Structures are given as structure tokens and as C-alpha cells.
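**Q** next come a sequence and a model predicted from it.
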Amino acid sequence: SDLFSTASLDELQGDAALNCRILHNNGITVNKITESCLPQLKNLLQTAQLVIDSLLGTGFRGKPRSLLGEVIALINDAPGEVLAVDIPSGVDATTGEVRGEAVKADITVTFASPKVGLLFYPGAAYCGKVFVADIGIPTNVMQLQEDVARVITAGSVINDLPPRFPDAHKGTYGRALLFAGSPGMTGAALLAARSVLRAGAGLVYVAAPGAAASSLESKT
């Protein structure tokens, strides 16, 4: 494997410096990315089966500066699989905004919990398959954090809906009345009615103008 960093060893601090020294002591070279090494980096990327992107973290905002933008473009041109660490570089983790070059990952492994930027477009289009990795943060600590968003999944919806009994019928689970539709524009009414059924209602009535009602009947 080949390792490249935007900073040299003497520029690193804290855990980054410590881990870089561990690599160095084990005979693994960390190459600093410069304009002059971009051709070498391009050649390596063209032959790599896996590219791990950890150029920028969740604190990134704005547009990657010129050198980083060039590196991101080279990653996106590489034929191998791309795995992003926490969030693809160039994507705003808070908003999903992409202001310049951003890594187009096949897989994103994010830590502890999903980031908002992984769920909202355009950022969501850069993430590929998203996996949330447990990094040992205690559950009670996570619960103390204020939620900034909630993700509705098939699992969470199923858990919130009451069970369906095998001897039930359409009148068991309530009736819903939907006012929607107009002549020539019945598609939205049909979609809304089907959505109400999927949400759990047993029977749905659609109140629509007479000219639209006959069209809706032919589409059910």
C-alpha cells in the first residue's frame, strides 16, 4: 500500500503525529502531496484496486483548495473502488453541500452515527453505500446529544405501526378521507391515496370533482 498526506511529519500534531511516527518506525513511508508528485500519484491511482479517502474530515466547509481539488479529481478518475472515511472529502457534513471537487465514493464508513451531509443531496450522491461503524462511544453519551435530525427507515416505521392480525379486514384499521384531484390532474390524488394505504389506513375515500372521479376509478 502507498500512503499520501497533505502534510509532512513535522507539520502534524497530536494523534496524527503519533500515528505517523508509528508508521515511520515500522518502515512505512508517508509521502507528502505536492504539485510535483501528482504524476506519480496519478499512476498509482490508476493501478490501485482500493483507494481510501480521508483527505478532509467532518469539520470541512467550503471549497477544497487547489491542490486538494486536483487530488480529488485524480481519485475520481481512478478505476478502483473508493472507500471514504466518515464522509467523502469535499462534502459538507452538516448540510450535504458540495461547492467544488468532491470524492465520489463507492462506500462510506462513517463513525458513531450518520452525518446529515450523507443524507441530503447533493452530498448523498457522493457517498455510495453508507455503513455506520461503532467506535466505542458509550450509548448513554450518545443519548445526551441533542438530535439534529431523525432518519425514518423501514425498520423504524414497522416498529411504530401496530401489528396486523390475520383475521382483520379493511375496516379494522380505520378510514381516511382524502380531498384531492382535479380534471386532468388525478395522478397526485392517486399517489396520495396509495400513500395513505401504505401508511396503515384500512380504507381510503378520495373526494374529487365529478369529472376527476371517473378517471380515478379507472386507475385504481
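**A** Arrived safely. Predicted model only: the values in this text are computed from it and were never measured. Residues are numbered from 1 along each chain as shown.

**Q** and Val148, what does it touch?
**A** Shown in contact with Val148 (C-beta atoms under 8 Å, 6 or more residues apart in numbering): Val116. Placement of C-beta: from N, CA and C, glycine included.

**Q** residues of stretch 125-136 that come out buried?
**A** Using 16 or more other C-beta atoms under 10 Å as the test for burial, stretch 125-136 gives 126-128, 130.

**Q** I meant to write stretch 55-65 there.
**A** Using 16+ other C-beta under 10 Å as the test for burial, stretch 55-65 gives 55-56, 60, 64.

**Q** swap in stretch 188-205?
**A** Going by 16+ other C-beta under 10 Å, stretch 188-205 has these buried residues: 189-190, 193, 196, 201, 204.

**Q** could I get the buried residues of stretch 125-136 as TSV with secondary structure and pLDDT?
**A** Converted to TSV, the buried residues of stretch 125-136 look like this (DSSP: H, G, I helix; E, B strand; the rest coil; pLDDT from 0 to 100):
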residue	secondary structure	pLDDT
Tyr126	helix	98
Cys127	coil	97
Gly128	coil	97
Val130	strand	96
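
**Q** closest to Val109 among these?
**A** Nearest to Val109 among the buried residues of stretch 125-136, counting by C-beta to C-beta, is Val130 at 8.1 Å.

**Q** leaving out chain neighbours, which residue sits closest to the closest one?
**A** Counting by C-beta to C-beta, 6 or more residues apart in numbering, Thr108 is the residue found nearest to Val130 once chain neighbours are left out, at 4.9 Å.
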